[in-house]
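>>> Turn this into a structure:
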Amino acid sequence: MRDLRNALLVAVFAAVAVPALAAVDARLMRQPAVSATQIAFVYAGDVWVAPKGGGVAARLSTPKGEESFPRFSPDGSLIAFTGNYDGNEDIYVMPAGGGMPRRLTHHPMPDRMLNWYPDGTSILYASPMASGRLRFDQLYKLSAQGGLPERLPVPYGEFGEISPDGKTLAFVPNSEDLRTWKRYRGGDVSRIWLFDLATHASRRVGDDNASYSQPMWHGTTLYFLSDRDANRRNNIWALDTASGAMRQVTAYTEYDVHFPSIGPSDIVFENGGRLYLLDLATEKAHEVKIEVVTDRATLKPRLEKVADLIEDASVSPSAKRVAFEARGDVFTVPAEHGPTFDLTRTSGIAERFPAWSPDGKLIAYWSDRSGEYQLVVRNADGSGEERTVTKLGPGFRYRLFWSPDSTKVVFADQAQDIDVCDVASGVVTRMGKGLYMFEGELEGFTASWSADSRWVAFGRDLANPPTAPTPPGSTPTPTTSWRSRCAPMWPRHWRRATTSRRGRRTTPRRRKRRRPRTAARRVRPRPTRPTQRPRSRPSPNRSRSTSRTSRSAPWSCRRRRGDTPTSKRLRARCSTAGCRAPARARRRARSSSTTSRSVRRRPWSPTRMRSRSRRAATRSWWSRRRPSPSSTPSRTRRWRRSWRPARSR
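Below you'll find the predicted structure:
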């Protein structure tokens with residue numbers, strides 16, 4: 001009797017436990033696909049399948065990595081998806097009822113499954129294998145049995161689908177579906193193009209600046225996503241390719257429609273984390289109730305190594321400890337030896353951008369405990385409770401910069417507002433606003449306080465990008481340079497902030513001390529050169545007697561030579577005190593000839609006296625030379641004296 005009672009208790013417990021497990025609220029089911037009888041979707045990084053009318057889902061893939069974009073074959077017997085069983089994102093295909101996955105692509109670049117060809121023999125996928133550095137994706141055709149891919153004749157492609165007749169490709173060159181922003185209007189907006197595979201003719205869908213993506217063919221009708229309505233919400237639209245008429249199919253206003261996929265008679269899509277099925281005959285949508293049975297292993301407490309997740313470090317003023325953020329908590333670690341402290345120890349709460357106060361007593365950081373990021377301070381030693389300083393609205397805030405007196409902090413938010421907050425009172429004052437800063441610039445935003453905590457130097461983008469040293473609560477004073485400047489620095493005990501040009505790192509230089517202006521200034525005497533008596537030298541247009549007094553010493557007299565006995569003897573014979581030239585140049589300059597003639601000879605150079613053999617060869621060549629009839633002996637001798645052969649190399 002007791003055994004029967006125990007068996008009944010076990011049966012009742014099992015009957016209660018199974019519905020409890022099956023009643024899991026399976027939201028965030030993503031990237032669905034539909035066949036004639038089943039729905040496939042991604043949940044918790046794995047591929048699941050469920051009946052088309054709803055019910056309990058079964059898991060198909062369980063690798064360590066994540067899977068995405070499952071797609072049924074036209075007959076519904078196979079599922080192709082993107083998986084990383086072998087450490088890389090490749091295309092795999094497996095039976096829809098479960099089985100061993102078979103790898104189709106083998107390129108080291110990540111591949112993304114898009115759709116099957118209408119005949120079911122090939123697949124269409126996107127890959128950046130030709131871009132080299134993940135810059136853009138292109139569309140490829142690959143046999144369902146494997147082999148080498150064939151690139152389609154379109155330059156770029158993120159998403160696409162082949163028409164039922166196999167003649168037209170509807171593709172999206174650049175898509176916003178995998179981005180983190182919405183309602184974009186600009187040159188990089190998503191477009192749908194219709195490309196004729198035979199004639200290579202193409203035309204664009206829509207002529208406005210709205211977003212168009214996720215094309216899906218059903219006969220001659222093209223279904224797609226667009227935010228062209230007044231609410232700018234992504235909804236499903238339809239285009240009749242024969243007449244060009246366009247109409248709106250769904251009209252959701254609270255959440256956007258994501259990742260729709262078409263089947264034989266339905267379109268399945270995600271909205272608000274749940275799955276909906278759109279009947280193509282009536283164009284009416286209804287929610288599909290799917291129950292996921294899982295052990296919820298991700299909710300089980302476990303130990304995590306955060307050594308590889310450290311970011312946003314802040315060194316204490318004593319340089320003995322460092323505070324940093326890792327996996328949503330704030331830690332402090334010693335510089336050399338000592339214990340490691342988890343200051344926050346919060347589960348499900350993210351703390352970001354810790355900053356140590358200059359006095360070393362407080363650590364400030366952002367916390368989303370209230371649902372939005374608020375400024376929080378707590379004791380650096382971990383004692384006491386944290387104190388929420390601000391009551392800001394929705395938004396994301398970035399790095400904190402303490403004032404030297406540890407009473408105020410400066411920060412920037414996602415709206416490019418630059419604010420200063422009083423830590424004691426929680427009053428936030430707007431100091432400025434940027435115009436063109438993007439996510440990377442906001443993360444790298446820096447501010448520098450003056451030593452007296454009265455001024456703040458920060459960089460922001462304007463029409464002429466300046467750096468504006470500004471006291472809290474006053475109008476910024478921009479610089480006037482046309483160059484873009486950033487990363488201002490206000491070193492302690494200095495009077496002026498220095499900046500660096502964007503893309504360069506510069507070190508500040510101290511200002512030169514100016515001497516006070518006085519009536520009499522002491523001047524250091526300059527060293528004087530020995531006076532030289534003017535040397536006479538013939539001029540092209542003057543006589544020898546005139547040039548002796550008007551010309552200075554030749555350049556050879558200023559040439560320095562070594563102090564050898566010969567140089568000392570020649571210097572003693574020269575009439576100039578600082579001259580070191582041989583006396584022969586001096587004798588040539590004092591020639592008694594007074595005939596006015598052009599001087600073509602060059603001044604004396606030591607190279608002519610380096611080799612007697614060279615001079616001998618010169619004389620022998622000169623002796624064989626026949627002078628011209630018009631040359632006089634004086635000119636010939638002068639030319640022979642001034643000529644010198646080229647140096648041997």
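>>> Could I get the full set of helices for the chain?
2-22, 439-443, 544-550, 565-573, 583-589, 612-624, 633-642 (DSSP state H).
>>> how about the nearest residue to F341, chain neighbours excluded?
Leaving aside its chain neighbours, F341 sits nearest to T332 (4.9 Å; criterion: C-beta to C-beta, 6 or more residues apart in numbering). Every residue, glycine included, has its C-beta placed from N, CA and C.
>>> Now do the same for that neighbour: its pLDDT.
pLDDT for T332: 93.
>>> Please apply the same query to the one 10 residues further on.
For D342, the model assigns a pLDDT of 90.
>>> For it, the count of nearby residues, please.
Neighbours of D342 under the rule other C-beta atoms under 10 Å: 13.
>>> ok, it - contacts?
Taking C-beta atoms under 8 Å, 6 or more residues apart in numbering, we find D342 in contact with D329, V330, F331.
>>> ok, now which ones touch R102?
With C-beta under 8 Å, 6+ apart, R102 has these contacts: Y92, V93, M94, G146.
>>> if we can go back for a sec, how near is the residue nearest to F341 to G338?
To G338, T332 is 9 Å away according to C-beta to C-beta, to the nearest Å.
>>> Compare neighbour counts for the two and give me the winner.
Neighbour count, other C-beta under 10 Å: between T332 and G338, T332 has more, with 22 against 11.
>>> Just list whatever residues bridge to that one.
Beta bridges link T332 to A323, F341, judged by DSSP bridges.
>>> That one touches V322, doesn't it?
Yes: contact status for T332 versus V322: in contact at 6.9 Å, counting by C-beta atoms under 8 Å.
>>> Flag every buried residue along stretch 398-410.
Y398, R399, L400, F401, W402, S403, P404, S406, T407, K408, V409, V410 (16 or more other C-beta atoms under 10 Å).
>>> Out of these, which sit inside strands?
F401, W402, K408, V409, V410 (DSSP state E).
>>> Apart from its chain neighbours, what residue comes closest to N235?
Excluding its sequence neighbours, the residue lying closest to N235 (C-beta to C-beta, 6+ apart) is T250, at 4.5 Å.
>>> Let me see the contact set for that neighbour.
N235, I236, V257, L278, A285.
>>> hey, what's V428 bridged with?
With DSSP bridges as the rule, V428 is bridged to C421.
>>> and it, how many neighbours?
Applying other C-beta under 10 Å, we find 17 residues neighbouring V428.
>>> if I look at it, how far off is F41?
Separation of V428 from F41 (C-beta to C-beta): 44 Å.
>>> The residue lying closest to D137 once chain neighbours are set aside: how many residues sit nearby?
Closest residue to D137 apart from its sequence neighbours, by C-beta to C-beta, 6+ apart: A126 at 4.2 Å. Close neighbours of A126, defined as other C-beta under 10 Å, add up to 25.
>>> cool, and S425?
The burial count for S425: 9, using other C-beta under 10 Å.
>>> just D279 next, same as before
12.
>>> That one touches S265, doesn't it?
Yes: D279 is within contact range of S265, at 7.1 Å (criterion: C-beta under 8 Å).
>>> picking that back up, mind putting the contacts of D342 into a markdown table with distance to K167 and neighbour count?
Formatted as a markdown table, the contacts of D342 follow (distance: C-beta to C-beta, whole Å; neighbours: other C-beta atoms under 10 Å):
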| residue | distance to K167 | neighbour count |
| --- | --- | --- |
| D329 | 57 | 20 |
| V330 | 60 | 27 |
| F331 | 60 | 21 |
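>>> how about CSV for those residues, with distance to W48 added?
Listed next are the contacts of D342 as CSV, based on distance: C-beta to C-beta, whole Å:
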residue, distance to W48
D329, 32
V330, 37
F331, 37
